[in-house]
Each structure stands twice: as structure tokens, then as C-alpha cells.
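Undergrad: Provide a 3D model corresponding to the input given below.
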Amino acid sequence: MKNFINISDLSSKELRSIIEEAKIRKLNRKNFNKSAPDNDKPFEGKSMAMIFEKPSTRTRMSFDIAVKQLGGSSIILNPDGIHYGKGDETLKDTAKVLTEYVDIVMLRTASHKNLEEFGKHLGIPIINGLSDQSHPCQVMSDILTFEEIKGGIENKTISWLGDGNNNMSNSLIEAAGKLNFNLVIGCPQKYSPGKKILTWAKKNKVSLKVTKKPEEAVKDSDCVMTDKWVSMNDKVNKKLKKKDLKKYQVNKKLMKLAKSEAIFMHCLPVGRGEEVTDEVIDGEQSVVWKQALNRVHAQKSIINWCLD
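TA: All right, here's what the predicted structure looks like:
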């Protein structure tokens, strides 16, 4: 049994095998209907429980479709509609019950501690659909998208602008260490990556640079990435944070400092006119819709890896 919680938990070889399987499965689906199952139906007769503590569009849809394409079924659960760590039932007991009902669980949570606690008591694999500390499924999809367009990511340069201390930046740092690409984070000092992830990066010799200058962050980059400045459940002064990050907006002027063939990525949902302009996200360098689609293919391979 294997869990998919953080990118740092897997070896470089395991991550590479997931990405390569995703490429093959996507290629083999040419001319298939969107919900038609893959020819081998590896998840046939199996089911996934998906628990959403936080609202979701892409994670909910992409996992549901991924399971269908693998030949299985999914059950979507809302914590308000089940006994889930409430006064009348512990997370431990809920986990033990789900172990008897389904083959794998996906949890999208506001608390990484909930994810680890739940996973500890499950007798089946668990996938991190997003937590406050990491977003590994999204980053795997991003790498798949990058390699489809630009070729191998090794030794390429990825730029991240905005909040350098969130779940996406944490998972990108881990991916940079495992898959050997250069990561440059452009952010204000107060939004720099946390001590824990920086310690991990240093120990694992990650090619990581953190700068306060957005122009320096994107110079000669192969891919420019950003995220919504204020995420769901962020307990911050929203106006102040947006003011702090204003100069890190990805616009046409900033994109011109990256390589001429650089691509733009955003994990969505987007704050148009805030972290990115319409001109960029709707422009020729943007690959955000391909990113969204590739969540399906990356997650199919993650499910297979967990159950292998």
C-alpha cells in the first residue's frame, strides 16, 4: 500500500514512472469519448471515496473523470454530510469504516494534519487532493504539461511569482529537488518559503533561488507560474496581501523578460487583473487549459501507482 501525500515522499524514479505512464495513457486515448474507459480498465470493480473539506472544481471533476476512465467508480463525500472527525465519531473511526467500503481515498483538506491523521488509520491508500502545506497532484500535472510542450524538465528554469510560502511553492520546491530543474521564486521577504521547506531544499541540494525582484525571477525563464494571491480559508488581511504582492503581477511586460518561447501556467481559479492580466492568461503563451485537462491524466497514473 502506497500513499501519495507529498512529492518528497517519492523517489525520483517513482515520480518519473508516474509522469511517463500519464503520457502513454493520454496518447492511447486519442479519439476516445471523454468518459470512455481506457482499454485496460485497471480500476474496474474498484471505487474511490473523495472527501472535500474545501470547495473544488478541477480536483472534483478531474478525479471523478480519472476514476471513470480507469474503469472504476467514485463516491463524493462532504464532511457536513458524514461523521468526519465530529463529536460523535473520531477521524480514526471514520477512516476504519471507509477502509471496509472502498479501495482508495482522496482528501482535499484545509489541514495537512487531518490528512496525516486520517491516512494513519486507513488500511487503504490515500491521495492528497490539496492541503494547506502541499498540492502534489497539481504539480505533477504541471510537469506533465511542461514536458508535453517543452520536452524534459531537467535543467530547465521555472519561475514562481507571488506568495512563496504556500502549498504550490512547497510542492514545486520538492519537485525541483526530485526532478532536477531550476526554481526561482519571486516574492516579498514576508512571503518567502518557510524554514522547514528551505531546510529540506538545502539538504537535498535543490537548485532554488529566492529573490524580491520579479524581473530577476522571470529573466530567461522557460515557464512562468503564479497562483491566486488569497486562497480559500486564508486567514489574512486580503487587502494588505494584495497590496504587498501587486508588483509581482504577471503581465506582458514581465513575460517579455522570460525566454521568447516561455509558457505561462496557473493552477486556477484565477484572480484576473490581480496575479495575472487577461492579456497573459488568454494569450498565446498561456497553457492553463491544458494544465487543467492534464489533472485527469496525471491523477490516473497516481491512482495506479498507489494501488500497484
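Undergrad: all helices in the stretch 151-300 of the chain, in order from the N-terminus.
TA: Counting by DSSP state H, counting those that start in this stretch, the stretch 151-300 of the chain forms helices over residues 167-179, 195-203, 214-218, 238-245, 252-255, 278-281, 288-307, given from the N-terminal end onward.
Undergrad: could I get those as CSV with mean neighbour count?
TA: C-beta here means a position set from N, CA and C on the backbone, and glycine is covered the same way. Below are the helices of the stretch 151-300 of the chain laid out as CSV (neighbours: other Cβ atoms under 10 Å):
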stretch, mean neighbour count
helix 167-179, 25
helix 195-203, 14
helix 214-218, 20
helix 238-245, 14
helix 252-255, 18
helix 278-281, 17
helix 288-307, 22
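Undergrad: who wins for proximity to residue 124 among those?
TA: Within the helices of the stretch 151-300 of the chain, the stretch nearest residue 124 is helix 288-307; the backing value is 8.8 Å (Cβ to Cβ).
Undergrad: just checking, what packs against that closest one?
TA: Taking 3 or more Cβ pairs under 8 Å, 6 or more residues apart in numbering; DSSP states H and E as the contact definition, the neighbouring helices and strands of helix 288-307 are helix 12-28, helix 58-69, strand 104-108, strand 126-130, helix 136-150, strand 263-266.
Undergrad: after the first one comes which helix or strand?
TA: Later in the chain than helix 12-28, the nearest helix or strand by DSSP states H and E is strand 47-52.
Undergrad: Give the pairing partners of that next one; include direction for each.
TA: Taking DSSP bridges as the criterion, strand 47-52 forms sheet pairs with strand 73-77 (parallel), strand 104-108 (parallel).
Undergrad: Go through those and pick out the most buried.
TA: Mean neighbour count, computed with mean count of other Cβ atoms under 10 Å, is highest for strand 104-108 among the strands paired with strand 47-52, reaching a mean of 26.
Undergrad: could you give the angle of that one to strand 126-130?
TA: Strand 104-108 runs at 20 degrees relative to strand 126-130, counting by axes from the mean of the first three to the mean of the last three Cα atoms, to 10 degrees.
Undergrad: got a list of contacts for the next helix or strand after strand 104-108?
TA: Using DSSP H and E, the next helix or strand after strand 104-108 towards the C-terminus is helix 112-121. Helix 112-121 is touched from outside by 3, 5, 53, 85, 91-92, 94-96, 105, 107, 109, 126, 128, 131-134, with contacts defined as Cβ atoms under 8 Å, 6 or more residues apart in numbering.
Undergrad: Using ChimeraX, define a selection of the buried residues within the residues you listed.
TA: This is the ChimeraX syntax for the buried subset of the contacts of helix 112-121, where burial follows 16 or more other Cβ atoms under 10 Å:
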select :3,5,53,85,91,94,95,105,107,109,126,128,131,132,133,134
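Undergrad: so what's the closest residue in space to residue 209 that isn't next to it in sequence bridging to?
TA: With sequence-adjacent residues excluded and distances taken as Cβ to Cβ, 6 or more residues apart in numbering, residue 209 is closest to residue 184, at 4.7 Å. With DSSP bridges as the criterion, the beta-bridge partners of residue 184 are residue 159, residue 209.
Undergrad: what's around the closest residue to residue 180 other than its chain neighbours, how many residues?
TA: For residue 180, ignoring the flanking residues on the chain, the nearest one in space by Cβ to Cβ, 6+ apart is residue 154 at 4.7 Å. For residue 154, the tally of surrounding residues (other Cβ atoms under 10 Å) stands at 11.
Undergrad: so how far is residue 10 from residue 154?
TA: When distances are taken as Cβ to Cβ, to the nearest Å, residue 154 and residue 10 turn out to be 16 Å apart.
Undergrad: same deal with residue 289?
TA: Distance from residue 289 to residue 10, counting by Cβ to Cβ: 27 Å.
Undergrad: next one: residue 272
TA: As for residue 272, its distance to residue 10 is 34 Å (criterion: Cβ to Cβ).
Undergrad: Residue 140 now?
TA: When Cβ to Cβ is applied, the distance between residue 140 and residue 10 equals 10 Å.
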